[in-house]
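Peer 1: Got a sequence here, can you model it:
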Amino acid sequence: MDIVIGRRVDPGAVEQLISEINQLPLTDATLYIGYPILSTADESISLDAILTCQEHGIVVFDLRPLPSSPDGCDMVDWEQVEGRQNEIAIALTSKLIKHKELTTRRVLAVPIHIVTYVPATTPHIEARDDVVVAIHGKLAHTLEQLEGIPPDLSVPLNAAVQQVATIKPRKKRLNVTSETSRGGILKLIERQIANLDSWQKRAAIECPEGPQRIRGLAGSGKTVVLALKAAYLHAQHPEWRIAVTFQTRSLYGQIRDLIRRFTFEHIQDEPDWNKLNVMHAWGTASEPGVYSTIAKELSCSIKDFGYGKRRYLAAGAFEGVCKELLHDLAEKPPAPVFDAVLVDEAQDFGPHFFQLLYRAVPPPKRIIWAYDELQSLKETGLPSPVNLFGRNAQGEPLVTLQNRDNEPQEDVILPVCYRNTPWALSIAHAGPTRTVR
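Peer 2: Numbers count the residues shown, from 1 in each chain. Purely as a prediction, here's the structure:
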């Protein structure tokens, strides 16, 4: 089973839920923690956990907090519990019924199960007909009574839950009449690619309390993953100032469009572009960038490309001006500029840019960078976090990455390339060949 850990409101209850679900024999199962975010006409609803599998379809877990009394029993406001379950069911039905693949004759073909999970072994919780309650230790018995789904609904259901159905082409191919035709095969492929693989799910949804690195070959989905992560963070924390940055200016329109579509899936509204900033790493006189914004807000001079080129040549211009800005900031106390920064094409940036981000982002240093491995035919490795961010006065690395069980992953590898075949990639990186004439 894939376990994808987003926001955890109650870590203790989450740990008990994961422990129980891990013991169940499930097919095509994914457990999402703190994901997705649903919208109603009045508010956004954050789900504690949601399970998708063939045996039980879609199960939403609304977690009760760990009991405070010694006997494991707290008073339960059943009217409140029922109201919460109804609220979740209405919001989730409204979301899923928009997907044609999940409906039959204008009715949702996927049963929605809402379960209030009580993370304590207690005999004091009585069964009720109007709500479904699962007590710790008896979750398997509760789930056995829930209806499942046919295997062919697993893929579209997960695409809907993952909020990535919007990346499907807007052209609907309405003239396709045969599934075996070229158009029919293309429609099948398009439905399949609108579904994250197990590694992409973790990269897009899991947000550790600190830095995170995402790496993979070109075509492994890093840009889509970063856009989905930015939309998720923005929906969770609309008050945060988030920057999504890159080196190639042509990415601006693509990333902004993806973020807009993913954000609409979460909150049924446009992003607040004053808080969620999609910007070039450098910036221009008319268009702010990450470097220019940091320099301006910390009262330092902004150097343009002409200056950088004259002093450091074109190839070293950006790294040179970042180094100068770091020098100017050395005597100033750290000041937060962004709450989180997401960097695409990280292989295009040098260590001084990352050290600049480290100064501009407050603890716990939410800096997420996506690194394109083997982008260069001359280099097969990637710089370590200590090479990018440096060390403190005691010689300790400022950034270290560790992956722990049942915790958001800090170093995520995307091993599948969807752009090229394995043999084409192997030939491209096999080294120089000799031409025989």
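Peer 1: any idea how far residue 13 lies from residue 144?
Peer 2: According to CB to CB, to the nearest Å, residue 13 stands 22 Å off from residue 144. All C-beta atoms are positioned from the backbone trio N, CA, C, and that covers glycine.
Peer 1: of the two, who's got more company?
Peer 2: residue 13 (22 against 10; other CB atoms under 10 Å).
Peer 1: Surely the more buried one touches residue 117?
Peer 2: Yes - at 7.0 Å, residue 13 counts as touching residue 117 under the criterion of CB atoms under 8 Å.
Peer 1: Quick check: neighbours shared by the two?
Peer 2: 63, 64 (CB atoms under 8 Å, 6 or more residues apart in numbering).
Peer 1: For residue 298, which residues are in contact?
Peer 2: 329, 332, 335, 337, 360.
Peer 1: Let's see that with 10 Å instead.
Peer 2: In this structure, residue 298 makes contact with 325, 328, 329, 332, 333, 334, 335, 337, 359, 360, judged by CB atoms under 10 Å, 6 or more residues apart in numbering.
Peer 1: what ranges do the helices span in the stretch 301-437 of the chain?
Peer 2: Counting by DSSP state H, counting those that start in this stretch, the stretch 301-437 of the chain has helices at residues 305-329, 351-360, 385-389, 422-428.
Peer 1: which element is residue 214 on?
Peer 2: Counting by DSSP states H and E, the element that carries residue 214 is strand 212-216.
Peer 1: Which neighbouring elements make contact with that strand?
Peer 2: Contacts defined by 3 or more CB pairs under 10 Å, 6 or more residues apart in numbering; DSSP states H and E place strand 212-216 against helix 198-205, helix 222-236, strand 340-343, strand 366-372, strand 411-414.
Peer 1: Can you say which of those is nearest to residue 106?
Peer 2: helix 222-236 (29.1 Å; CB to CB).
Peer 1: Quick check: next helix or strand after the closest one?
Peer 2: In N-to-C order, the element after helix 222-236 by DSSP H and E is strand 242-246.
Peer 1: In its sheet, which strands sit next to that following strand, and in what direction?
Peer 2: strand 276-280 (parallel), strand 340-343 (parallel) (DSSP bridges).
Peer 1: residues touching the closest residue to residue 20 other than its chain neighbours, list them.
Peer 2: Excluding its sequence neighbours, the residue lying closest to residue 20 (CB to CB, 6 or more residues apart in numbering) is residue 139, at 4.4 Å. By CB under 10 Å, 6+ apart, residue 139 lies in contact with 16, 17, 19, 20, 21, 23, 24, 59, 61, 115, 117, 118.
Peer 1: Break down the stretch 51-200 of the chain into its strands, ranges please.
Peer 2: 57-63, 103-104, 107-108, 112-118, 133-135 (DSSP state E, counting those that start in this stretch).
Peer 1: and residue 92, which of the ones you listed is closest to it?
Peer 2: strand 112-118 (5.5 Å).
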